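Colleague: Only the shape, not the letters, is given here:
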DNA sequence: GCTTGCGTAACTATCTCAGTTACTGGAGAC
DNA sequence: GTCTCCAGTAACTGAGATAGTTACGCAAGC
């Protein structure tokens, strides 16, 4: 897998779960389907559990399942749960006593924040159920 | 310096150049002001020269200066010249014969591309002259 | 021809992040 | 009770990206 795979892995898995919400899935099976490692799956899905999107259980017949109806889980929920930033933030927060640096930081960072808000808003318009259908 | 510093370095430098367009600057001076290395400066500004935004000269009284009036250089020009992607692209281009992966990729990547276009459009509304003034 | 500054290659140092190994502990099967 | 299955987690490894650094060549003035 490559970069930004956490969000892809999470959404891909939830997309499948939305199709058969009652089925309990093991991290090993999820990993095999996604071409990655069970530990990676547990790490990523663990974040979603902390956010209240998933439930996990140990032992025989244990595994992962949705914590609430799939139509109540949006892509934004997942994005936020993973604390992703697909829009780069202006990292130049160095306290530079330079007017140009200030003006630059102000303009760029406010622009990036606006884009970030737009992204979340757009993501919230799609639920994981929508991932079943072809666009 | 930290991440995404190439764009910051470029814009910061051009912002100063917009203030005194006739002054020729050495990469060593620029590097000192930006807290980085002359070679890094030459690398970044070299991309801007290739894009026709800057001119550079060797030897005594050599250095860097704008290739055209500062009011004709927008932040988008710089962004594009550096081939930056502040909006992440959906890297999951793996040909997965999985309907969910397909639906996911389609929705997310089109969203990201739209954001990218919005970013460039917004950046093109600001010239490096505007970096002089406080917002 | 000496100095100055860019151009560039090559190497190093960090940083991030996925992948991996190994172990713990809980929950059901038997 | 214990055995097996599976999640939880810590710790390490490896790959990739990128800034920083060193070194050297070349061009332009003095």
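Modeller: In hand now; what should we look at? Predicted model, so just to flag it, every value in this text is computed and none were measured.
Colleague: Regarding residue A:65, what is its secondary structure?
Modeller: strand (DSSP: H, G, I helix; E, B strand; the rest coil).
Colleague: residues in contact with the closest residue in space to it that isn't next to it in sequence?
Modeller: Nearest non-adjacent residue to residue A:65, counting by CB to CB, 6 or more residues apart in numbering or on different chains: residue A:24, 5.0 Å away. Yep, even glycine has a C-beta here, placed from its N, CA and C like the rest. For residue A:24, the contacting residues are A:57, A:61-65, by CB atoms under 8 Å, 6 or more residues apart in numbering or on different chains.
Colleague: Minimum pLDDT in these, which residue is that?
Modeller: In terms of pLDDT, the weakest of the contacts of residue A:24 is residue A:61, which scores 92.
Colleague: Name the helix or strand for that one, please.
Modeller: Residue A:61 belongs to no helix or strand when elements are defined using DSSP states H and E.
Colleague: can you give me the helices for chain A?
Modeller: Taking DSSP state H as the test, the helices found in chain A are A:5-19, A:27-34, A:38-50, A:75-81, A:99-123.
Colleague: who's in contact with the first one?
Modeller: Contacts with helix A:5-19, where a contact means CB under 8 Å, 6+ apart, come from A:1, A:23, A:25, A:30, A:33-34, A:36, A:40-41, A:44-45, A:47-48, A:53, A:64-66, A:70, A:73, A:75, A:78-79, A:81-82, A:84, A:86, A:127-129, A:131-132, B:90-92, B:98, B:100-101, B:103-104, B:108.
Colleague: Please indicate which of these are buried?
Modeller: Among the contacts of helix A:5-19, those classed as buried by 16 or more other CB atoms under 10 Å in any protein chain shown are A:25, A:30, A:33-34, A:40-41, A:44-45, A:47-48, A:53, A:64, A:66, A:70, A:73, A:75, A:78-79, A:81-82, A:84, A:86, A:127-129, A:131, B:90, B:92, B:98, B:100-101, B:103-104, B:108.
Colleague: show me the residues around the residue lying closest to residue A:75 once chain neighbours are set aside that make contact.
Modeller: Excluding its sequence neighbours, the residue lying closest to residue A:75 (CB to CB, 6+ apart) is residue A:123, at 4.0 Å. Residue A:123 sits next to A:74-76, A:79, B:111 when contact means CB under 8 Å, 6+ apart.
Colleague: pLDDT value on residue A:123, please?
Modeller: So, for residue A:123, pLDDT stands at 97.
Colleague: if we can go back for a sec, can you sort out which of the buried ones among the contacts of helix A:5-19 also neighbour DNA strand D?
Modeller: Filtering the buried ones among the contacts of helix A:5-19 for proximity to DNA strand D (criterion: CB under 7 Å from any atom of the strand) leaves A:25, A:45, A:64.
Colleague: DNA strand C: which of those residues is nearest?
Modeller: If you rank those by distance to DNA strand C using CB to the nearest atom of the strand, residue A:45 comes first, at 12.7 Å.
Colleague: my guess is the closest one contacts residue A:51, does it?
Modeller: No. Contact status for residue A:45 versus residue A:51: not in contact, 10.4 Å apart, counting by CB atoms under 8 Å.
Colleague: Residue numbers of chain A in contact with DNA strand C?
Modeller: Going by CB under 7 Å from any atom of the strand, the residues of chain A near DNA strand C are A:1-6, A:35-37, A:39-40, A:57-62.
Colleague: Can you flag the buried ones in the residues you listed?
Modeller: A:4-6, A:40.
Colleague: Would you mind listing where chain A has pLDDT under the threshold?
Modeller: Regions of chain A meeting the criterion pLDDT under 70 cover residues A:1-3, A:91-96, A:134-135.
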